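Student: A structural model of the following input is requested.
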Amino acid sequence: MSSEKQYIDLYRECSELLRQGSPDAMNAVRSDALARFEQLGFPTRKQERWKYTDMGDLFAPDYGLNLKRLHVSADDSEVFRCDVPNLSTRLVMVVNDDPQPAPTFGATFGQFTEQGVFVGSLRQAAALRPELLNKYYAHACDATSEKASATAALNTALAQDGLFVFVPKGVHLDKPLQVVNVLRSQVPLMVVRRVLIVLEEQAEATILFCDHAMDPTEFLSSQVVEIFCGDGANLDLYDLEETHTRCRRVSDTVAEVGQGSTLSINTMTIFNGRTRNTVDVRMRGEQASVTLNGCVVADKRQHVDNNTVIDHQAPHGTSRELFKYVADEQATGAFAGRVLVREEAQHTDSQETNANLCASPTAHVFTQPMLEIYADDVKCAHGSTVGKLDEAALFYMRQRGIDLPEARMLLKVAFVGQVIDQVQLQPLRDRLHYLIEKRFRGELNKCAGCALCK
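Tutor: Numbers count the residues shown, from 1 in each chain. Take a look at the predicted model:
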């Protein structure tokens, strides 16, 4: 059986079960998304945007799905043994694909506050204000369009619920929202996550996603994140992955940015198995600003593939992109970043940088920064480097009494420090510096999840 056929057959056999309890907005696009997936099939490595990751192989195992929505809970104290504590935030747990408030969140989860803010599940939002879901759900990531990816189409066909964050016009969230994605199962499991983030005009929010796996089994996480930033909105988004080597993650993020809006997405892969992150940003309004930062630490046989597109569609836009990889042992990293400047996007200012460190002769990193410019009055630049640890610097440090493992660790920490320093949330920035050093020292193996990787 092909990778595609098992999911097509699953949908046809369980379509009614998938629809039960799901909001109308999700069910309305489900069949068309499946038809699009059936037409496309999983992308192959012959396709330019997918040439570094075999998607058919990622989805090939026969994973189980929690189609009957059986409740699974998790204790936040167990999750935070992995050294990502509650950073004075409003905390939400997403156990597999089920959003749940932490005890400290309060009674407003799944309800609209007096200011009009909503944090809860798509089902809860549909029961209160279905017009919001009809307006935004599956519009940024349109699984039926010609540009839709097969992975996003499959997610749209199978998703039954998801997390919805809505911040109305002019409202600023007083605390960062921390969303802890927890994988829990005693058998191999596929988790279909959906996230919808809407910031209306002049709204502001900081959101932190943390991915953890709490059981020593194989997981496949399929995730689609849709982001809408209205005119003058400001969203600071952090995505931290710290799972284990038996986890596979496929994430599609699509964002639409309005006039004068600021969007920052920071993707940190600290521990994983095989990961493919896709980020597409459409800068639809004038004077919009977008920042994409990424940090990858990989060893053993871990694989991390980040693929980004920044689409400048209006004048006076600014974009900055910085990704750094450290690959050791037999790890593989890949980065492909495309900046598209359309003819009408005059006075665009864009800078894209990808720097990579291969800490062993058997590690591989593939890099592909791209500029595609159709405007004639722009300031754009891009560059990439791939290298190894500086032998002169190692020699200098050893001459001053630092042993070789410590010297290598310090150089790695310094290399990725530039990305970590871009984090605007100071408690998180300090925590990431601490975690990165522990990661390079091998001390993260002491936590419950990462002990699986020994």
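
Student: and the helices in this protein?
Tutor: 3-19, 24-40, 55-59, 76-79, 122-128, 130-136, 150-158, 391-399, 404-420, 426-441 (DSSP state H).

Student: worst mean pLDDT among the ones you listed?
Tutor: Lowest mean pLDDT within those: helix 76-79, a mean of 63.

Student: looking at the helices of the chain, which is nearest to residue 283?
Tutor: Among the helices of the chain, helix 130-136 comes nearest to residue 283, with 18.2 Å by C-beta to C-beta. The C-beta positions use only the backbone N, C-alpha and C, and glycine is treated the same way.

Student: what does that closest one rub up against?
Tutor: 23-26, 122, 125-126, 164, 166, 196, 198, 226, 228 (C-beta atoms under 8 Å, 6 or more residues apart in numbering).

Student: buried ones in it?
Tutor: Within helix 130-136, the residues scored as buried using 16 or more other C-beta atoms under 10 Å are 132, 133, 136.

Student: circling back: select from the contacts of helix 130-136 the one having the most neighbours.
Tutor: Most neighbours among the contacts of helix 130-136, by other C-beta atoms under 10 Å: residue 164, with 28 neighbours.

Student: ok, back up a step: farthest pair within the contacts of helix 130-136?
Tutor: 24 and 228 (19.5 Å).

Student: that older thread, which one of the contacts of helix 130-136 is nearest to residue 419?
Tutor: Distances from residue 419 to the contacts of helix 130-136, taken by C-beta to C-beta, are shortest for residue 226, at 25.0 Å.

Student: would you convert the buried residues of helix 130-136 into CSV that also reports distance to residue 412?
Tutor: Output for those, formatted as CSV (distance: C-beta to C-beta, whole Å):
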residue, distance to residue 412
132, 45
133, 44
136, 41
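
Student: thinking again about what came up before, now, which of the contacts of helix 130-136 sits nearest residue 338?
Tutor: residue 226 (20.0 Å).

Student: show me what that closest one bridges to in the sheet.
Tutor: On the basis of DSSP bridges, residue 226 is bridged to residue 196, residue 254.

Student: look up phi and psi at the nearest residue to residue 301 once chain neighbours are set aside.
Tutor: Using C-beta to C-beta, 6 or more residues apart in numbering and skipping the chain neighbours, the partner closest in space to residue 301 is residue 330 (4.9 Å). Residue 330 adopts backbone torsions of phi -110, psi 20, taken as degrees, to the nearest 10.

Student: contacting residues around residue 330?
Tutor: 300, 301, 360, 362, 363.

Student: out of these, which two sit at the greatest distance?
Tutor: Going by C-beta to C-beta, the pair spanning the contacts of residue 330 furthest: 301 and 360, at 12.1 Å.

Student: and the residue nearest to residue 301, how far from residue 47?
Tutor: Residue 330 is 25 Å from residue 47, where distance means C-beta to C-beta, to the nearest Å.

Student: now for the protein, the helix or strand with the poorest mean pLDDT.
Tutor: The least trusted helix or strand in the chain, going by mean pLDDT, DSSP states H and E, turns out to be helix 76-79, with a mean of 63.

Student: that older thread, which one of the contacts of helix 130-136 is nearest residue 398?
Tutor: Looking across the contacts of helix 130-136 and measuring by C-beta to C-beta, the closest to residue 398 is residue 226, at 50.3 Å.

Student: confidence score at that closest one?
Tutor: 98.

Student: so how far is residue 417 from it?
Tutor: 32 Å.

Student: next one: residue 290
Tutor: 23 Å.

Student: which of those two has more residues huddled nearby?
Tutor: residue 290 (26 against 16).

Student: give the bridge partners for that one, please.
Tutor: The partner residues for residue 290, given DSSP bridges, come to residue 263, residue 319.

Student: go ahead and confirm it touches residue 308.
Tutor: No: counting by C-beta atoms under 8 Å, residue 290 does not reach residue 308; the two are 10.1 Å apart.

Student: shared neighbours of those two, which are they?
Tutor: With C-beta under 8 Å, 6+ apart as the test, residue 290 and residue 308 both reach residue 281.

Student: rewinding a little: what sits in contact with each of residue 301 and residue 360?
Tutor: 329, 330.

Student: how about the contacts made by residue 304?
Tutor: Applying C-beta under 8 Å, 6+ apart, the residues contacting residue 304 are 269, 272, 275, 277, 296, 298, 325, 331, 332, 333, 334.

Student: repeat that for 10 Å
Tutor: When contacts are counted by C-beta atoms under 10 Å, 6 or more residues apart in numbering, residue 304 touches 52-53, 241, 249, 267, 269, 272-277, 294, 296-298, 325, 327, 331-335, 365.

Student: bridging residues for it?
Tutor: Bridge pairing for residue 304 - DSSP bridges - gives residue 275, residue 333.

Student: low-confidence ranges, this structure, go.
Tutor: 1, 75-86, 444-454 (pLDDT under 70).

Student: buried sites along stretch 14-28?
Tutor: 18, 22, 23, 25, 26.

Student: got the domain ranges for this structure?
Tutor: Domain ranges of the chain: 3-285, 393-454, per automatic domain parsing.

Student: quick one: the nearest residue to residue 427 once chain neighbours are set aside and residue 436, what's the gap?
Tutor: What sits nearest to residue 427 in space, not counting adjacent residues and going by C-beta to C-beta, 6+ apart, is residue 87, at 4.5 Å. Look at residue 87 and residue 436: by C-beta to C-beta, they are 16 Å apart.
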